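[1] Model the following, please.
(2 chains)
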Amino acid sequence: MTWPDHTSYAPLWCKSAYSFLEGASHPDELIEEAHRLGLRSLALTDRDGVYGIVRAYKKALELGVQLIIGADVSIEDGTNIILLAANRGGYGNLCGLLSKGRLRSSKGMSRVTWDEICGHAEGLIALWGGNRSLLIGEHTAHSVTSNLCDAFGDRLYALLARHRVAAEENQELRLREHIKRYGLKTVAGMEVLYHTPARRDLQDVLTCIRQGVTLSTAGRLIRPNNEHSLRTPHGFGTLFEDDTEAIERTEIIAEQCCFSLAEINYRYPSERLPSGRTSRDWLRELTFAGARERCDGTISDDVRNQLEKELNLIHDLEYEGYFLTMYEVVRFCRQESIMCQGRGSAANSAVCYCLGITAVDPVRMGLLFERFLSRERAEPPDIDLDIEHSRREEVIQHVYTKYGRGYAAMVANFIRYRARSAIRDVGKVLGLPATSLDRIARMLSHYEFPSKETARQAGFNPENPAHTNLFRLAREIEDFPRHLSIHPGGFLLGHERIDTLVPVENATMPDRTVIQWDKEDVEDLGLFKVDLLGLGALNVVHRTFDLISEHTDKHIALTDIPADDKSTFKMIQQGDTVGVFQIESRAQMAMLPRLLPKNYYDLVIEVSIVRPGPITGGMVHPYLRRRNGEEDVDYPHPSLEPILKKTLGIPLFQEQVMQLAVVAADYTPGEADQLRRDMAAWRKCGRIERHRERLISRMTAKGIERKFAERVFEQIRGFGEYGFPESHAASFALIAYATAWLKCHYPASYLCAMLNAQPMGFYSPSTLVEDTKRHGVTVLPVDVRHSEWQCSLKLATGSGEGFAVRMGLRYVKGFREHVAESVVTARQAGTYISIHDFVVRTKLAEGDAVRLADAGAFQGFNERRDALWSALGIVANRGEELNLGDAEPVTNFDPLNPLEEIDWDYTFTSHSTRGHPLTTLRKQLRKRGLPDADALRNMKNGSRVRYAGLVICRQRPGTAKGVVFMTLEDETGFVNIVIWEKVFKRYELLGKTQSFLGVTGKLQSESGVVHLVAEKLWEPDVSLDATETRSRDFH
Amino acid sequence: MERTACLEVNALPLQMLLRSHPEWLALPTVVVDHDKPQGVIQWANEKAHAMRILPGMRYAAGLAIARDLRGGVVDDAEIDAAVELVKRRLWSFSPRIELSDREPGVFWLDASGLQHIYPCLNSWTRQIRADLLDVGLHSSIAVGFTRFGSYAAAKAVSTSIVFLSPEKERAHVDDVPMDRLALESYFRDALYKLGVRTVGAFIRLPPSGIRKRFGVEAEALHQLARGEGWTPLEPVSIDEPVECITEIEWPERDLERLLDLVAKSLQSILAKLSERHERLKTIRLTLRLDDGTELNEEVSPAAPTWDAQQVLTLLRLRIETLAISAGVVEFELRAVGIRYYHQQQALFQQAPLQNIEAAEKAFARIRAALGHDAVLVARLRDGHLPEARYTWEPLETLRIPNPSTVACRPLVRRLYTPPVALPPCDRHEPDGWLVAGVSEGPVEEVIGPQKITGGWWVREVSRAYHYVRTRSGRWLWIYYDHYRRRWYLHGELQ
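    The predicted structure is shown next:
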C-alpha cells in the first residue's frame, strides 16, 4: 500500500511544559523539533494560558518557524476547545477570555462559559475536538454548536484528533455525525505533549505529580501510549491518509494566523498631568524643583548639565511616564509616612535623585548614568524601590487602586524543579519511601544531582531499576516549571488593559493579581516593570524614629542624620555592628577593623567587598594592602586607570567589571549587556563560561597580564553568583550608616524597634538583647503587669539613652495578638494584683495562661512553678468561683535555680533578660581555665586557647572551600571561630549539633580582629541543663 | 499473696523495623509515624539516641543531624501480628495474660502459684525473656504485687526484677522517672516543668489538684501509683478453634457411614461453639486414609450457623467430589466460630424481590461441590491493557445488581486468557494472511492499529491491536507484541 506523501503540515495543538505538569517539553524544544522536521509553523496551545509563548517566540524568531499563539481553553462543563489567535485583536480576546476564566477560579484552575467563548470569538480560530471535547459526546448541546457556528462562522473547525487509541474510533464516528449535521470542516490534529517519544516517561511522571498518584496506582490517568510527540509530515500523513483535506487545512489555518508577538505595541501608562503640561514638561518641572531643594536653591552647572542630558535621553526614549509613575509611588509613600528608597541602577540617575526616588547623589559619587539608561541598549529602565516591609502591601494596593485592576498586575515567577524537589516528586511518583527521598534530597544542594557515591551513601543502589529511573527522570524534569508564583515586587503597568496584553490571574495572596509572564519574559518583550520590594531595615529606622519622637521631643528624619558622626564611625571601625544593616554579619564585622571605614564611600566599599565576587576574584587582600599603604597602587593597563582609580586599581563593583570588559576586552555595548545578563543568570551554570576565552584573549592582546585577566574573569564568575553593583552598595550604605547612627546614639530605641520588626536581620532576638545589654541598656522581662504586645520603652535612669526596654507579650511563644490585647485592655482598669485577679479580669484560656506562666510573666506574683500550677487549673478553678488555693492543699514546688530560669526564658520566649546562660556557669568555666570572650580579645596573637561559648551562627560560604565559620557568644561578647574542612569533618557531629561548644585552637589577632582557629571541638563538661539557643546555620 | 508481672517488649515497632531491615542494624534508625520528612520519630535505636535523635523529633530534623539516618513506618498489622506472637508464647508461661490497649508490647501476667512449677520467679522471668529472644525480641520484665508497680518497674529495668515484698516494690517504684511511663505528652511535659520527675514526687501531689488540672485519667493513674484502686487482671481468652478427632476402628469406605460419624462429631463441635456463644463460620475436614494419605477440605455455610444439617450437606457435597484412594481411618473436624448477634432491625427491612439468602445458600453449595474459587465476580479495574481492566474475585457478599443504562453498547469481545500466540509471521500483516487457519479463510479487512505502550517502570509493554475480519466473517482481535515480536489472538467479537 502507498501512502500519500505530505511535505508539511502544521501541528495546531501543542502543549509545552507551561501546561503545568502536563506537557513534557520546553517551548523551545518543540520549536527546535518542528524546525528539524521541516515544519513551517507550530501552534503553542498551553492549557488555559500563554505562559510559554515568549520563550517559544524567541526560538521561533531565531529558527524562522512561524509561531501560532493559542490556548487549550477549559469550559465550565468540563470540556475544552482550542483557540488560535489569527490577529492582534484575536490575541487580545484570547488574553481577555483566559483572564476571565482564571480570575473567577481558584489558583491553578480556569473555567469559562460558552457565552464568553462566543463573546471573544473575533480574531480567533476555534478547533473543536479531542477526547475532552463536547463534540465527541453522545449528546452535543445544539444551542452551543449553533452559537459557536454563529460566533466563529467559517473559523470554527472540527478537530479530528487521532492518537491510535481504541476509544477514538467511536468518538470519531460521533464527531463525523455532528460535522454532517452542522456542516463543519474537519482539521487534522493530535495533542502534542512532547517533542520526542523519549519524553513519554516524563509525561507519565508529570501526570502522576499533577494527579497526586503513583505510577502503580495511576491507572488510566496516564496516557495509553506514546503517540503524543511531534510527527514527521509523512507520519502525520499516514495517520490521516483517509482525510487529506483535513491535513491541508492545518496549513490553511496556519496561514490565517498572522499574529506575532512583535505586534504588541506596549505603551506605558500616562500619568494624570496638571492642565496644559506634557509629560516632558511635568517631569522637567518636578526634576528641577527637586534639584533646587537638593542643592539648597542653587543648581550647579554640573548638575544642570547632567539633568539636561538625562531628561533629553528620557524624552527621546519616551520614558517620561515611567519616571512620573515612580515619582508618584514615592510621593504616595511620603504622604502616608511610609519609608522608601530607590536603589539599584536608578541611583546612577540624577533625575531619580532630584525626584526623591533615590537618596544617592550620582554626580557627587561619579556614578555613570549609562549604566542605568542608554540609547544603545534601548531597554526599559529598571528602578527598584525598597519600601519598609511591614507597609509594602499598602503601596501595592495603592498601585492597584490608582491604575485599576485592569491596568496593573504583578509579574509572575515560575517555580521550577531543582535537584532536590525533582528527587522528591519523581521518587514519590515511583513509589519510593518519602523518608529515603528526604535523606538523599538533603545530601544535595538545590542544583546538584547525586553522584553514584552520594546515592549509595543515601542507601540507593544506582543499579536498581527503580533508582535508575529516579535519577534519570529527576534530571529530565529539572528546570520544568512546577507552578506559578509571584515576583517579590514586580508590577506591570499598561496604558491599555493588561489583560489584552497577557492573561491575568489570581495569586495565592488575597487581593493580588499576577500576569502569566515572568521577569525574563517581560524584559524580553521590552515591557516596563516597576519593582516594589520590602526592606526590613527601613521599617526599623521608621520605628526607631517614631519611638524617639514619642518618648522625647526630637523629631528625626533620615536627612537629619549627620554625615560624618565620629562616634558612629568609631563604633563601626570596632566591628561593633550587631543589628546594623548590611554590615552585621560575621564576615562584615571581621572586615570592619581592617578596612576602618572613615566616611560614607568607605561604607559603600565595605558593603561591596564582603561578597563572593571580590572574594573569589582575590580582590580583598590586595585592596586592603593598597589602602593601608602596604602595596603600590598600579594599573594593569593605562586605559583602566579611570575605571579603577576610586578602588585603588582593584575592581570591586559590578559596573567596573563591565567597564573592564568594554575597555580592556573591547566588548561592544551589546556584548557587555549580554555579559551582564549572563552574570545575572547565575543559576544557569555555564553561561558565564562562554565569555572566558573571549575576555582573556582580548585582554592579553591588549597587553594586560594574563594573570590579571584571569583574575578579572574569576571575579566576573564570582559576580555571577552574587553581583553587587556600586549603585546598590551606595543605596545600602546610606541605610547602613543610618542604622549604625541610631544604634550608636539611641541604642534602647533601636533595640526596641528591631525587636518589634522581627523577623528580620541576621541575628536572633536573644543575640540582639544580649548585645544591647552589653551596651548598658536595661532590658526588662515580659510581665503581665507592664508589657504591651510590642516591646516598649520605659524611663530608666542608669540605662543607655535613659530608657529601658520592656519586652512585649509578642515574645511569649504561641501567644496571639488579640489575646494580648485583652490583657492590656483589662489592665487599663487598674494593675493586676495577683494571678487570681488576672484570671478573673482577663478570662484567658488555660493554654494562654500556661504560656504566660512558662514565660515568667507572672513572676511579679508567684514563683514560676507555683504560677504554672495555678495556671494549669485555671478553667476548673473558674467553675469553682476561683477558689485558687482554697479547695486543695497548698503544694510547694521547688523554685527554679538561676540556670533553669534562663533555660525557661529561652524555651518559652527565645531570649532571656535575666542573664546570659553562661553567666551562671562562669564560675565553673573559670575553674576549668576557660576564658570569656573579653579575656580572649586581650590575649596575644598565636596563643593556644581553650574556649567555650554558645553557638549563634554557623556558616560554610561557597567561596571558602569547605571552611566553616562559627560565632560563639558568652556574656561578654562574641568569638569568631575558623574551622578548616579537615577539622570540621573530624568533629562534624559536634560542630553541627552542639549548641554549647568547646573549642581548642590557636588565636589569630590582627588589626583588632580576633579569630580562634580550631584544632579540636569538644563538649564542655559542666552541669548545663538543656539550654538551647537558636543559631543561624549555614546560610 | 497474688503476684503480678509486667513484661515489656522494648520498643516493639523498632524491633520489627530492624527485623525487616537487618542491614540497618549498624546505622542510626528510627520508626516514624508517617512516611514523610515531617513524620514524627516514635522510636529511635541506640545509635540514633547517641546522636541525640530522639522520639518526638521530626524525621527531617533527625536527618539534619545524621545524614545516614534510616527510618520507616511499621504497619499496625505488623505490630498486631507481633503482639499476637508474644501473646501466644506467653501462654506457655502463664494462663492469664492481659494486653495493654495503650502500649503495644506491654503485657501483664498472672504470676501467682508459679512457685510449684518453676524453681523461683527469677528463673521464670529468665525463661520468658529467653523464649522471646528466640524469636528475636528483646524484653524486660518485673514481678511485683501491683499492676502499676510491676508496670513502672518493667519500664525502668533493662532485664528483669522480682520484688520480694510490697514494700520493696513501693520503694523501687518511687524512684522510677516519670518520663519512662507512657504518658500523654501534655501531661508528661507539664509534670516535668513542675519539677515532678519521679513517681514518688508524683504521688505527693494532691489528688484533687491532679484531677482538676489533668483530668480523670491522670487521677486514675495517680490513684494506681499510690497503690489504690486495685483492678483484677483482664486476661484475654484463648480463642482456639474447636476441634474433634475421631478414630475409626476399621478403614471406612462407605460414604453414608462416614457421614454418620461426621454428623456425630459435628454435633459435639456445634455444642462447644454454642457454649462460647459462637456460630460456625468455617469448618475444616481432614481425612486420614489407610494408605497414609491425608485429605484436607474446608467448607463455609452461606452465613454463620448452628444448623448441623446445612453444614453436613455442604460436607457431603465436598466429600462426594473427592477421590478417596483408601479407607478412612481417622478424621478431624476443626471449626472456627464467630460471635453472632441478632440484628433486630433486619425485621423491619422490606424484603427484596430477589432472595439473597437463597442465593447465598446456593453459592455455598456450589463452593462445597466445586471448591472455594468456583464462585467469582468480575470487578472493573483502572488499567490500559485489556487484561488489566478487570479482575475476577471470589464473591464474598452477594448484592442485587443495579446496572446503569448505556446509550451506546460497546463492542462485546470474548477474551482469551492468556492471549493465544499466533504462528510466527511478519510484523506487517501479509496479504492473504490465514490468521485463524485455512478453514476461516484469509483476512479480508483490518482495522487498526490501536496502540498500548507503557509500564516502563516495571515491565515495558508495547502492543499494536487490530480488528481483523476473516473471509468466513469472524472478527478477531489480535495484537502485535513489539517486545516478543509476535502476533497474538486476544479475543473475538461476538
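
[2] List, one by one, the residues from the stretch 851-1000 of chain A near chain B.
    For the stretch 851-1000 of chain A, the contact set with chain B under Cβ under 8 Å from any Cβ of the partner chain comprises A:854, A:865, A:868-869, A:872-873, A:876-877, A:887-889, A:891, A:893-894, A:989, A:992-993. In this view, the C-beta of every residue, glycine as well, is placed from N, C-alpha and C.

[3] quick one, longest helix in the chain?
    Just going to use chain A. Taking DSSP state H as the criterion, chain A has its longest helix at helix A:726-745.

[4] Switch to chain B, please.
    helix B:255-275.

[5] number of nearby residues for the nearest residue to A:F984 once chain neighbours are set aside?
    Leaving out its chain neighbours, the residue that sits closest to A:F984 by Cβ to Cβ, 6 or more residues apart in numbering or on different chains is A:V964, at 4.7 Å. When counting by other Cβ atoms under 10 Å in any protein chain shown, one arrives at 23 neighbours for A:V964.

[6] Please apply the same query to A:S8.
    17.

[7] For A:L385, give me phi and psi.
    Main-chain torsions, A:L385, degrees, to the nearest 10: phi -110, psi 120.

[8] what's the helix or strand where A:A948 lies packed up against?
    Using DSSP states H and E, A:A948 sits in strand A:944-955. Secondary-structure packing of strand A:944-955 (3 or more Cβ pairs under 8 Å, 6 or more residues apart in numbering or on different chains; DSSP states H and E): helix A:586-595, helix A:933-937, strand A:964-970, strand A:973-979, strand A:996-1006, strand A:1032-1033.

[9] I'd like these laid out as CSV, including distance to A:T7 and mean pLDDT.
    Output for those, formatted as CSV (distance: least, Cβ to Cβ, whole Å; pLDDT from 0 to 100):
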stretch, distance to A:T7, mean pLDDT
helix A:586-595, 64, 90
helix A:933-937, 80, 91
strand A:964-970, 64, 91
strand A:973-979, 68, 92
strand A:996-1006, 74, 91
strand A:1032-1033, 62, 46
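
[10] what's the closest of those to A:A412?
    Evaluated over the helices and strands packed on strand A:944-955, closeness to A:A412 peaks at strand A:1032-1033, with 30.8 Å, by Cβ to Cβ.

[11] Please pull out the lowest mean pLDDT helix or strand from chain A.
    Across the helices and strands of chain A, the lowest-confidence element by mean pLDDT, DSSP states H and E is strand A:1032-1033, at a mean of 46.

[12] quick revisit: in the strand holding A:A948, which of the residues would be classed as buried?
    Using 16 or more other Cβ atoms under 10 Å in any protein chain shown as the test for burial, strand A:944-955 gives A:945-955.

[13] Pick out the residue nearest the middle of the chain.
    Picking chain A for this. Central residue of chain A (Cα atoms, centre = their mean): A:P488, 5.9 Å from the mean position.

[14] look at chain B instead
    Nearest residue to the geometric centre of chain B (Cα atoms, centre = their mean): B:A77, 6.1 Å.

[15] Over to B:K451: give its phi and psi.
    Here B:K451 shows phi and psi, under degrees, to the nearest 10, equal to phi -110, psi 140.

[16] now do A:S8
    Residue torsions, per degrees, to the nearest 10, at A:S8 are phi -160, psi 170.

[17] residues touching the residue nearest to A:F984, list them.
    Counting by Cβ atoms under 8 Å, 6 or more residues apart in numbering or on different chains, A:V964 makes contact with A:954-956, A:978-979, A:981, A:984, A:991.

[18] 7 Å - rerun?
    A:954, A:956, A:979, A:984, A:991 (Cβ atoms under 7 Å, 6 or more residues apart in numbering or on different chains).

[19] So the last one: helix, strand or coil?
    So the one you mean is A:G991. Using DSSP: H, G, I helix; E, B strand; the rest coil, the structure places A:G991 in helix.

[20] before we move on, the earlier item: of the helices and strands packed on strand A:944-955, which is nearest A:M699?
    Ranked by Cβ to Cβ, the member of these that lies closest to A:M699 is helix A:586-595, at 28.2 Å.

[21] In which helix or strand does the residue nearest to the centre of chain A reside?
    strand A:481-493.

[22] Tell me the strands beside that strand, with direction?
    If you go by DSSP bridges, strand A:481-493 pairs up with strand A:408-416 (antiparallel), strand A:529-535 (antiparallel).

[23] Chain B contacts on the stretch 51-200 of chain A?
    Within reach of chain B by Cβ under 7 Å from any Cβ of the partner chain, the stretch 51-200 of chain A has these residues: A:138, A:164-166, A:170.

[24] Filter these down to just the buried residues.
    By neighbour count, with 16+ other Cβ under 10 Å, these hold A:164-166 as buried.

[25] In this structure A:L492 contacts A:V530, no?
    No. Counting by Cβ atoms under 7 Å, A:L492 does not reach A:V530; the two are 8.0 Å apart.

[26] ranges for the helices of chain B?
    So, for chain B - with DSSP H - the helices run B:12-20, B:46-50, B:59-65, B:76-90, B:121-134, B:147-156, B:166-174, B:185-193, B:199-203, B:207-225, B:255-275, B:308-320, B:356-370.

[27] Which part of the stretch 51-200 of chain B gets nearest to chain A, residue-wise?
    Per Cβ to the nearest Cβ, B:G71 is where the stretch 51-200 of chain B lies closest to chain A, at 4.2 Å.

[28] Also chain B?
    Nearest residue of chain B to chain A, counting by Cβ to the nearest Cβ: B:D382, 2.9 Å away.

[29] Not counting its neighbours along the chain, what's nearest that residue?
    A:G219 (2.9 Å).

[30] In this model B:W392 seems to touch B:D373, though I could be wrong.
    No. Counting by Cβ under 7 Å, B:D373 does not reach B:W392; the two are 8.7 Å apart.
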